[in-house]
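[1] Please work out how this folds:
(chains A, B and C)
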Amino acid sequence: MMPRPDTIVPMMASPSAVLPADDDAWGFEVKWDGVRTIAYIDDGGGVRLSSRTLRDVTRVYPDVHGVAEALRGRQAVLDGEVVAFDDAGRPSFEKLQSRMNVEVSGVSDPLVTGAPAVYVLFDLLYVDGRSLLDATYEERRAELDALLPAGGGAGWQVPAYVPGNGAAMLAATKAQRLEGVIAKRLGSRYLPGKRGREWLKVKNVSRQEVVIGGWLPGEGGLTGTLGALAVGVYDDGGEFRYAGRVGTGLTLAERHRLAGLLAPLVVDVSPFVGAQPDKRGCVFVRPELVCEVAFAEWTAIGTLRHPAYKGLRHDKPARNVVRERVLLS
DNA sequence: TTCCGACAGTGGGGTCGCAAT
DNA sequence: ATTGCGACCCCACTATCGGAA
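    Below you'll find the model as predicted:
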């Protein structure tokens, strides 16, 4: 009989550009776009929720506490993602953001925020005096599925994992505009706090050409060189619209090279029509240089989420750079 | 010897609370 | 009243280093 642990740092996935080749040795799950959360359930039905950094978020998501009742007096430690869904039924990190900072001020109220949270469960780390950290992935999944009814309940779900056939899984997530898949090696143990090769995240990333309309000086170790690019795209009316800043994906050499290329293009007046880069100190340039960025999605206000620089493009006139339509097939 | 994983440090879009302006 | 800042979430990425493979 082992006492229930109460401070498990979640195991993490390493990013990967491609699916693992030995398909059959892996299980695949949807990658949910929310906040990672460990739940500690005691035999009296008490719930404590803990974030990835061990912050107590019990009161932030009261709408997922219902999972304790489904356990009917059993002690458990569960691992999963707290997710908010939009009106179309897709996970919406933006909807979660408005309620994830509730701390001392009280209990987060889903009725007020309009974004009910759902606990999407994908691992079982402890149950009734037994630690499952050394059990295999499929053993833990089997126990999780046996512990909780497959259909889920109020405020929680247990989506199935799929052994093998990762390509089909990834294609399905892409068609549904989900974030991507997590591949977990069959037979692997749960290693708290580790980010190894046993879990891989393969994300659906988009690419987009954007026009550089300014740049921001670097800070700290990047003082004296280029910190980030302010970029934009042309809208249907031919107006140049701000689309966010891109400050990652650049080597030191590329920062210097871009600074040199942009210097002769500097202008006094912002080329962006309407919304502007909100950080002061932006040096504006004539919108002539085109670069390619990888990004997760467009935000509600038309900026890039998780943008990363991928290189300059010389094969397309800046004026032809527009926001690419997402084709749904 | 090579490579992996952990760390630190830059950069991004957000929200919230609080202090300075 | 506005602005800026830090603390939190999510993250991409570069650069470095020690130890495992």
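[2] residues in the stretch 201-329 of chain A within reach of DNA strand B, list them.
    A:216, A:218-222, A:227-228, A:244-248, A:279, A:299-301, A:303-307 (C-beta under 7 Å from any atom of the strand). Every residue, glycine included, has its C-beta placed from N, CA and C.
[3] confidence score at the residue in the stretch 101-250 of chain A positioned nearest to DNA strand B?
    The stretch 101-250 of chain A approaches DNA strand B most closely through residue A:220 (2.0 Å), counting by C-beta to the nearest atom of the strand. According to the prediction, residue A:220 has pLDDT 90.
[4] same question, residue A:279
    Residue-level confidence at residue A:279 comes out at 71, pLDDT.
[5] tell me the contacts of the closest residue to residue A:34 other than its chain neighbours?
    Spatial nearest neighbour of residue A:34, excluding adjacent residues (C-beta to C-beta, 6 or more residues apart in numbering): residue A:83 at 3.6 Å. Counting by C-beta atoms under 8 Å, 6 or more residues apart in numbering, residue A:83 makes contact with A:32, A:33, A:34, A:91, A:96, A:117, A:118, A:119, A:120.
[6] Let me see the contact set for the first one.
    What it means is residue A:32. Applying C-beta under 8 Å, 6+ apart, we find residue A:32 in contact with A:81, A:83, A:91, A:120, A:178, A:179.
[7] quick check, nearest of those to residue A:283?
    Nearest to residue A:283 out of the contacts of residue A:32 is residue A:179 (C-beta to C-beta; 34.0 Å).
[8] so the closest one touches residue A:173, yeah?
    Yes. Using C-beta atoms under 8 Å, residue A:179 makes contact with residue A:173 at a distance of 7.2 Å.
[9] which is the next helix or strand following the helix or strand hosting the residue nearest to residue A:34?
    When elements are assigned from DSSP states H and E, residue A:83 belongs to strand A:76-84. As assigned by DSSP H and E, the chain's next helix or strand after strand A:76-84 is helix A:93-97.
[10] rewinding a little: got any residues that touch both of residue A:179 and residue A:173?
    Common contact partners of residue A:179 and residue A:173 (C-beta under 8 Å, 6+ apart): A:30, A:31, A:204.
[11] Give the bridge partners for the second one, please.
    When you say that, I think you mean residue A:31. For residue A:31, the beta-bridge partners under DSSP bridges are residue A:180.
[12] So is the helix or strand hosting residue A:168 next to DNA strand C?
    Element membership for residue A:168, per DSSP H and E: helix A:166-175. No. Helix A:166-175 lies apart from DNA strand C when judged by C-beta under 7 Å from any atom of the strand; the minimum separation is 13.9 Å.
[13] what's the answer for stretch A:257-271, then?
    No. Figure legend: stretch A:257-271 not in contact with DNA strand C (C-beta under 7 Å from any atom of the strand); closest approach 11.9 Å.
[14] Quick one: mean pLDDT over the helix holding residue A:168.
    Across helix A:166-175, the per-residue pLDDT values average to 95.
[15] counting contacts, what elements does that helix pack onto?
    Helix A:166-175 is packed against strand A:26-31, strand A:180-185, with contacts defined by 3 or more C-beta pairs under 8 Å, 6 or more residues apart in numbering; DSSP states H and E.
[16] next one: the last one to chain centre, how far?
    Computed by C-alpha atoms, centre = their mean, to the nearest Å, the separation of strand A:180-185 from the middle of its chain amounts to 14 Å.
[17] Can you list the residue ranges for strands in the stretch 101-250 of chain A?
    For the stretch 101-250 of chain A, the strands defined by DSSP state E, counting those that start in this stretch cover A:117-127, A:130-131, A:156-157, A:162-163, A:180-185, A:195-203, A:206-217, A:226-234, A:240-246.
[18] Against which helices or strands is the third one packed?
    If I follow you right, that is strand A:156-157. Short answer (3+ C-beta pairs under 8 Å, 6+ apart): strand A:156-157 packs on strand A:117-127.
[19] Minimum distance to DNA strand C: which of the helices and strands packed on helix A:166-175 has it?
    Evaluated over the helices and strands packed on helix A:166-175, closeness to DNA strand C peaks at strand A:26-31, with 7.4 Å, by C-beta to the nearest atom of the strand.
[20] Toward the C-terminus, what is the element adjacent to the closest one?
    strand A:35-41.
[21] Does DNA strand B have contacts with the helix or strand just after that following strand?
    Counting by DSSP H and E, the next helix or strand C-terminal to strand A:35-41 is strand A:47-51. No. Figure legend: strand A:47-51 not in contact with DNA strand B (C-beta under 7 Å from any atom of the strand); closest approach 12.1 Å.
[22] Need the pLDDT of the closest residue to residue A:152 other than its chain neighbours.
    Take residue A:152 and drop its neighbours on the chain: the residue closest to it by C-beta to C-beta, 6+ apart is residue A:158, 6.1 Å away. For residue A:158, the pLDDT comes out at 96.
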